[in-house]
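[1] show me the folded form of this:
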Amino acid sequence: MRILKGSVSKDHVHMLIEYPPSQSISEIVQRLKGRTWRRLQQEYPELQKRYWGHFWAIG
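    I've put the predicted structure just below:
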């Protein structure tokens, strides 16, 4: 998977990605959410106390 283009707003992110057709969108979103949450926790440990389990919106 490659992120081709993106923009970040105050409360959401837009991305144009390229991915193999063997992967489903839900798998890709799940991986992106997991990896970005881990990276944010490493960089900002105080977020874990504030957003334990509820960082990402459902959907």
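[2] torsion angles phi and psi at Gln23?
    phi -100, psi 140 (degrees, to the nearest 10).
[3] spatially, what comes nearest to it if we skip its sequence neighbours?
    Met1 (7.3 Å; CB to CB, 6 or more residues apart in numbering). For the C-beta atoms, the positions are set from N, CA and C on the backbone; glycine is no exception.
[4] quick check: that neighbour touching Glu27?
    No. If you go by CB atoms under 8 Å, Met1 and Glu27 don't touch, sitting 9.8 Å apart.
[5] quick revisit: report how many residues lie close to the residue nearest to Gln23.
    Counted with other CB atoms under 10 Å, the neighbours of Met1 add up to 11.
[6] now do Arg35
    10.
[7] roughly how far apart are it and Ile3?
    Taken as CB to CB, to the nearest Å, the spacing of Arg35 relative to Ile3 amounts to 12 Å.
[8] again with Val29
    13 Å.
[9] one more: His12?
    15 Å.
[10] distance check, Leu40 against Val13.
    12 Å.
[11] quick one, which of those two is more surrounded?
    For Leu40 versus Val13, neighbours defined as other CB under 10 Å are more numerous around Leu40 (14 against 10).
[12] tell me which element that one falls in.
    helix 25-43 (DSSP states H and E).
[13] report all helices and strands that that helix contacts.
    Helix 25-43 is packed against helix 46-50, with contacts defined by 3 or more CB pairs under 8 Å, 6 or more residues apart in numbering; DSSP states H and E.
[14] give me the contacts around the helix it packs on.
    Helix 46-50 has contacts (CB atoms under 8 Å, 6 or more residues apart in numbering) with Leu40, Gln41, Phe55.
[15] got the CA coordinates for the worst-scoring helix or strand of the chain on mean pLDDT in PDB?
    When the helices and strands of the chain are scored by mean pLDDT, DSSP states H and E, helix 46-50 comes last with a mean of 80. Taking C-alpha atoms only, helix 46-50 is exported to PDB below (Å, rounded to 0.1, in the frame of the first residue of the first chain):
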ATOM      1  CA  GLU A  46      -0.800  11.400  27.600                       C
ATOM      2  CA  LEU A  47      -3.300  10.600  24.800                       C
ATOM      3  CA  GLN A  48      -3.600   7.000  26.100                       C
ATOM      4  CA  LYS A  49      -5.100   8.200  29.400                       C
ATOM      5  CA  ARG A  50      -7.500  10.500  27.600                       C
END
